[in-house]
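Asker: Here's my sequence, what's the structure:
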Amino acid sequence: MIRIPPALKHRRFFYLWLGLLISVAGTQMQIWAIFWHIRELTKEPIALGGVGLARILPVIIFSLIGGALADSLNRTRILFITQSAAALLAIALGLLTQFGHITIWHIYAITAMQAVAIAFDGPARQALVPNLVPAKDLPNAFSMTSIAFQTGAIIGPALTGFVIAFAGQQAVYYVNGLSFLAVIFALILIGDVPQVKSASGKVVSWSAIREGIHFIINKPIIISTMFLDFVATFFASANTLMPIVARDILNVGVVEYGWLSAAQSVGAVLAALVISQIHELRRQGPIFLGCVVVFGAATVIFGMSSSVIVAWCALVVTGAADAVSTIIRNTIRQLQTPDHIRGRMTSINQIFFQGGPQLGEVEAGVVAQLFGAPAAIISGGIACVLGMSMIVRKWPALLTYNGDEHVQTSPSTAA
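Answerer: Numbering: from 1, shown residues only. Reported below is the predicted structural model:
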């Protein structure tokens, strides 16, 4: 019998979850629309890889500062500012497109400015979740968060093709701008959330940042998941190549491109729904590692596909495997981190989490430019599995991690 996930019984988490569900749909529409937009402006695969570079550089530069702010300032207020900024930038992208002034460099610049907002948004948002639910419901909260992100990532790409075909490219950007209002309204309903703030007297200081780095270095179970996340997504990320795969290999149009873009999220939602019904998830380390292997293998199959159906199914499998591994690694990191340093831990993780796929898009674009898109995708899937084996040899603790080990607890303020 399907039951209401326990995390959704906490009112303030439910508000945030619903707001994210709507906002992510708009964000995903814009992400995949940008890929298609660039493909229409140029046929060079390397130009698509440039989007990843525009996204990751601001995260690398500002993420550690964002983490320190998330541990020192009110997290809901930080989110209000970042969400508002992202909304205005999306609308600016729509106006430039509508009036015919858009260039690839405009797209890169606005993408980079939105990435600055993400650098401050991510640590505050992820560190806020453990303040909204008790520790026992945290794995379920991350499962539901994954469902929100992945459901949005189904709805968004699936609608992208239709919106572009019937309302124009600019309409996608306007929709994304409006979707941020859902999170802003949720933050108003949530109000102030008590948190354990950093003991440092300064809002941002090098000593506070150094404390976060030192904490992670001395936590093998955390740092190993971060490196594994980076390696897997660096080699097996090729989302920016999707327009090339759709148009030049599978010979389909923009609507079919939208459905291919949503396939990974279909698998992710199905997997997250299954996880949300499990009371206690054990043997988390072996399950996590197994998902990475499946992720890499399915990526290889996708790269070899010449059939839309086979390609779509392979992408569904990659999405399911990635969703399970994401839920497990987020649970490990948040439960093993005290509240007063959680924002800084998340900011460092954000560099790995964002850096892997975004730099991976650059790598995929370069390899595709030299050897073609299929070679870039297939070699990435193989390297993903090989990289995992090297990390496990360095940090074998993941092989035996069960999920019921000692966790760092902090008072819950969930209502």
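Asker: switch to C-alpha atoms for all contacts and neighbour counts from now on
Answerer: Will do.
Asker: and stretch 125-137, average pLDDT?
Answerer: Across stretch 125-137, the average pLDDT comes to 83.
Asker: Pull out the buried positions in that stretch.
Answerer: For stretch 125-137, the neighbour count (16 or more other CA atoms under 10 Å) marks 125, 126, 127, 128, 129, 130, 131, 132, 133, 134, 135, 137 as buried.
Asker: Excluding sequence neighbours, find me the nearest residue to the fourth one.
Answerer: Counting by CA to CA, 6 or more residues apart in numbering, residue 75 is the residue found nearest to residue 128 once chain neighbours are left out, at 6.6 Å.
Asker: The one you found: neighbour count?
Answerer: 24 (other CA atoms under 10 Å).
Asker: In this structure it contacts residue 122, no?
Answerer: No - between residue 75 and residue 122 there is no contact under CA atoms under 8 Å: 10.3 Å.
Asker: thinking again about what came up before, residue 390: which of the buried residues of stretch 125-137 is nearest?
Answerer: Set against residue 390, the nearest of these by CA to CA is residue 126 (28.6 Å).
Asker: Just the residues contacting stretch 388-408, thanks.
Answerer: For stretch 388-408, contacts defined as CA atoms under 8 Å, 6 or more residues apart in numbering pick out 220-221, 224, 227-228, 231-232, 281-286, 289, 292, 332, 335-338.
Asker: Count the residues that sit near residue 210.
Answerer: 12.
Asker: mind listing what it touches?
Answerer: Contacts of residue 210 by CA under 8 Å, 6+ apart: none found.
Asker: Retrieve the pLDDT associated with it.
Answerer: On pLDDT, residue 210 comes in at 80.
Asker: Likewise for the one 10 residues further on?
Answerer: According to the model's per-residue confidence, residue 220 sits at a pLDDT of 80.
Asker: With residue 286 as the reference, measure out to it.
Answerer: Using CA to CA, to the nearest Å, one gets 16 Å for the distance from residue 220 to residue 286.
Asker: isn't residue 112 right up against residue 50?
Answerer: No - using CA under 8 Å, residue 112 is not in contact with residue 50, being 10.6 Å away.
Asker: For this protein, which segments are assigned as helices?
Answerer: Assigned by DSSP state H, the chain shows helices spanning 11-41, 45-72, 75-98, 104-128, 138-167, 169-190, 206-217, 220-236, 242-244, 254-276, 284-304, 308-335, 342-371, 373-394.
Asker: Would you format those helices as CSV with distance to residue 5 included?
Answerer: Shown next, in CSV, are the helices of the chain (distance: least, CA to CA, whole Å):
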stretch, distance to residue 5
helix 11-41, 10
helix 45-72, 27
helix 75-98, 24
helix 104-128, 19
helix 138-167, 7
helix 169-190, 19
helix 206-217, 31
helix 220-236, 26
helix 242-244, 34
helix 254-276, 6
helix 284-304, 20
helix 308-335, 15
helix 342-371, 24
helix 373-394, 32
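Asker: Leaving out chain neighbours, which residue sits closest to residue 239?
Answerer: Counting by CA to CA, 6+ apart, the residue nearest residue 239 is residue 361, at 7.1 Å.
Asker: Tell me who's in contact with that neighbour.
Answerer: 48, 49, 50, 51, 52, 53, 234, 237, 238, 239, 240.
Asker: of all those residues, which comes closest to residue 370?
Answerer: Using CA to CA, residue 49 comes nearest to residue 370 of those, at 12.9 Å.
Asker: So for the closest one, what's the nearest residue that isn't a sequence neighbour?
Answerer: In space, residue 49 is closest to residue 362, 4.0 Å off (CA to CA, 6+ apart).
Asker: and the one you found, how far is that from residue 193?
Answerer: With distances taken as CA to CA, residue 362 is found 39 Å from residue 193.
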